[in-house]
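A.B. asks: Quick one: sequence and predicted model below, then my questions.
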Amino acid sequence: MSEISKLQFFVFFNRHIWRYVIFSVFITCFYGCNGNNNKKEKIEKRNQKAYGVNLPSINEKVSSVNCPSLPVTSRRPDSFAGVVAKVREIVVTINTRQVLVGGGVSNFPFGFMSPFDYPFRERVRKGLGSGFIVDKAGLVITNNHVIKDASQIAVQLPGLEKKELPAGIVGKDARLDIAVLQLPEPVSSEATLGDSDALEVGDWVIAIGNPLGLSNTVTAGIVSAKGRSSWDLYGEIPGYADFIQTDASINPGNSGGPLVDTEGKVVGVNTAIIKEGQGIGFAIPINMVKNVLPELIKKGHVTRSWMGVYIAPVDSNVAQELKLKSATGALIAEVVEGGPADKAGLRRGDVIVSFNDKQVIDAGKLPWLIATSPSGISIPVKVVREGKEQSFEVMLQPMPEEIEQ
């Protein structure tokens with residue numbers, strides 16, 4: 001092709017190319033839409049033939065579905081920021097120092113003492129925990145195990161991480177694992193105590209504390225379970241446990257800090273974790289704390305009632321052997337000679353099924369019922385003995401000091 005012919009071809013192409021483009025777009029749109037319509041008609045005919053009705057296509061179904069959002073309420077907030085801002089002002093860090101006297105274990109052979117070791121050398125063991133202000137007069141609640149055997153206790157207020165205030169012990173209760181501290185000066189904020197009995201499994205809760213020294217750390221979770229006993233945690237019944245279980249993250253240093261609901265009310269005192277698991281933490285219900293708090297503040301200790309029995313849980317094997325209707329109640333493993341239960345006629349092997357007209361389902365709950373009942377008053381107790389239910393009247397006594405400890 002000559003140069004002139006090439007030039008004429010390109011001139012013609014440039015003049016008419018836009019016509020071909022418009023024509024191509026028109027054809028594509030026409031057949032594309034028509035094809036979709038035909039496809040839709042085929043689907044409708046197939047549905048009509050198979051089911052006898054016209055069914056909407058999947059796209060039509062999806063577009064017609066209305067998914068309303070759940071309403072935001074105090075029990076279902078869209079953020080915890082407001083609650084945290086309210087509660088942070090009452091959460092404190094507790095630092096303890098325990099002075100240990102002695103040189104420890106010798107590293108020299110044959111037991112010889114190092115020249116740098118002395119029989120009365122002092123060593124300091126430091127501890128860390130959390131707490132919360134329960135009264136503007138400077139009263140702080142924490143766990144007893146946080147301040148146990150401490151020679152010095154210092155409290156850091158929120159926003160004053162570099163300033164430590166010395167604190168004294170007002171009262172403590174080892175069996176409930178609660179202690180009350182006194183600051184040397186009043187404070188501007190105090191906690192609002194809630195109702196732990198009103199908590200339901202599945203409710204949101206928030207844990208605030210100082211895990212591993214990270215002050216004012218906030219974690220959130222739900223109430224995983226209620227009424228966890230010491231038997232559930234330790235395989236024994238050493239104290240008065242009725243724990244709230246939560247999956248809000250709790251770590252060393254959180255002990256003594258508050259567990260709060262979505263209104264910012266304290267519903268528990270964070271206390272324990274299971275190291276082998278994840279998301280398994282426990283808090284003492286605040287209602288149990290409120291029960292002993294006035295006496296701790298006034299007397300420094302709690303006076304409890306005593307029945308004079310050692311108990312164990314009832315499992316299916318025990319229930320079958322003792323001819324019980326169900327695996328509930330508290331098995332009397334031992335009766336203290338001369339104690340209230342012994343004087344009333346209770347025996348080893350009896351199963352307590354009712355105490356003070358309250359049904360005993362879990363053995364772990366019975367010690368608290370006994371301890372918080374008044375002394376010097378006859379309490380009705382029902383037991384199952386040899387397959388038959390019997391009733392007794394037990395005159396509770398104040399708990400002996402050696403047992404209380």
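C.D. replies: That came through, no problem.
A.B. asks: what's the helix or strand where Thr271 lies packed up against?
C.D. replies: Thr271 is located in strand 266-273, with elements delineated by DSSP states H and E. Using 3 or more CB pairs under 8 Å, 6 or more residues apart in numbering; DSSP states H and E as the contact criterion, the neighbours of strand 266-273 among helices and strands are strand 204-209, strand 243-246, strand 258-260, strand 281-285, helix 286-299. Quick note: C-beta positions are derived from backbone N, CA and C, even for glycine.
A.B. asks: Show residues contacting the shortest one.
C.D. replies: Read it as strand 258-260. 83, 87, 90-91, 132, 191, 194, 205-209, 244, 246, 248, 266-270, 283 (CB atoms under 8 Å, 6 or more residues apart in numbering).
A.B. asks: Identify the residue spatially nearest to Pro313, adjacent ones excluded.
C.D. replies: Leaving out its chain neighbours, the residue that sits closest to Pro313 by CB to CB, 6 or more residues apart in numbering is Ala363, at 4.2 Å.
A.B. asks: cool, and Pro77?
C.D. replies: Closest residue to Pro77 apart from its sequence neighbours, by CB to CB, 6+ apart: Thr262 at 5.5 Å.
A.B. asks: and that neighbour, how many residues sit next to it?
C.D. replies: The burial metric for Thr262, expressed as a neighbour count using other CB atoms under 10 Å, is 18.
A.B. asks: that older thread, does the residue nearest to Pro313 touch Ala330 like I think?
C.D. replies: Yes: look at Ala363 against Ala330 with CB atoms under 8 Å: they come within range, at 3.8 Å.
A.B. asks: neighbour-wise, which of these two wins?
C.D. replies: When neighbours are counted by other CB under 10 Å, Ala363 and Ala330 differ, and Ala330 comes out ahead with 27 against 22.
A.B. asks: What about Arg385? Give its phi and psi, please.
C.D. replies: Backbone torsions for Arg385, taken as degrees, to the nearest 10, come to phi -130, psi 120.
A.B. asks: how much space between it and Gly277?
C.D. replies: Plainly put, Arg385 is 39 Å away from Gly277 if you go by CB to CB, to the nearest Å.
A.B. asks: Now do the contacts for the residue nearest to Pro313.
C.D. replies: For Ala363, the contacting residues are 229, 231, 237, 311-314, 329-331, taking CB under 8 Å, 6+ apart as the criterion.
A.B. asks: Surely Ile403 touches Ser305?
C.D. replies: No: between Ile403 and Ser305 there is no contact, the gap being 11.4 Å when judged by CB under 8 Å.
A.B. asks: So which of those two has more stuff around it?
C.D. replies: A direct count of neighbours by other CB under 10 Å for Ile403 and Ser305 places Ser305 higher, at 20 against 12.
A.B. asks: Can you name the residues that contact that one?
C.D. replies: For Ser305, counting by CB under 8 Å, 6+ apart, the contacting residues are 370-375, 396-399.
A.B. asks: Out of these, which two sit at the greatest distance?
C.D. replies: In the contacts of Ser305, two members sit farther apart than any others by CB to CB. They are Thr372 and Gln397, at 14.4 Å.
A.B. asks: Can you show me the helices along the chain?
C.D. replies: 3-51, 58-64, 81-87, 144-147, 230-234, 286-299, 316-321, 340-344, 366-371, 401-404 (DSSP state H).
A.B. asks: mean pLDDT lowest for which of those?
C.D. replies: Lowest mean pLDDT within the helices of the chain: helix 58-64, a mean of 48.
A.B. asks: picking that back up, now render the contacts of Ser305 as TSV, adding neighbour count.
C.D. replies: Compiled in TSV, the contacts of Ser305 are given as follows (neighbours: other CB atoms under 10 Å):
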residue	neighbour count
Ile370	27
Ala371	22
Thr372	15
Ser373	17
Pro374	9
Ser375	15
Leu396	24
Gln397	15
Pro398	12
Met399	20
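A.B. asks: So which of these is the closest to Glu200?
C.D. replies: For those, the minimum distance to Glu200 (CB to CB) is 23.7 Å, reached by Thr372.
A.B. asks: Around the residue lying closest to the closest one once chain neighbours are set aside, how many other residues sit close by?
C.D. replies: Taking CB to CB, 6+ apart, and ignoring the residues beside it in sequence, Thr372 has Asn291 as its nearest neighbour in space, at 6.3 Å. Residues contacting Asn291 under the criterion other CB under 10 Å number 16.
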